[in-house]
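Visitor: Quick one: sequence and predicted model below, then my questions.
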Amino acid sequence: MILPPLDFPKVMRGRTVAVSFWVGIDGRVDRLLVEPEIPDKGFRKKFEEVMRNYRFRPARSAFGEPVPGTTTVSVTF
């Protein structure tokens, strides 16, 4: 479950953003993209920090070895 920071600006209420995560073989977020961009710069930075701290179970190859992967999640405020 992906949860955004609860102290979001009122302008974000009811809005949905797509968060694309690039996940390394260790399950850590290597890169992320938020679309559309969050207009409030301070909240955008806080939101991205929270999203970067998520850990995932990495994708697996046909041989069962961890491989890098991507996933996209919709977040509604």
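Guide: Sure, I can see it.

Visitor: all helices in this structure, in order from the N-terminus.
Guide: Secondary structure of the chain by DSSP state H: the helices cover 41-52.

Visitor: So which residues of it form strands?
Guide: Along the chain, the segments classed as strands by DSSP state E run 16-23, 29-35, 59-60, 66-67, 69-76.

Visitor: With respect to burial, which of these scores highest?
Guide: Compared across those, strand 16-23 shows the largest average neighbour count, a mean of 16 (mean count of other Cβ atoms under 10 Å). For the C-beta atoms, the positions are set from N, CA and C on the backbone; glycine is no exception.

Visitor: rewinding a little: make JSON lines out of the strands of the chain and add distance to Asn53.
Guide: Formatted as JSON lines, the strands of the chain follow (distance: least, Cβ to Cβ, whole Å):
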{"stretch": "strand 16-23", "distance to Asn53": "11"}
{"stretch": "strand 29-35", "distance to Asn53": "8"}
{"stretch": "strand 59-60", "distance to Asn53": "20"}
{"stretch": "strand 66-67", "distance to Asn53": "19"}
{"stretch": "strand 69-76", "distance to Asn53": "14"}
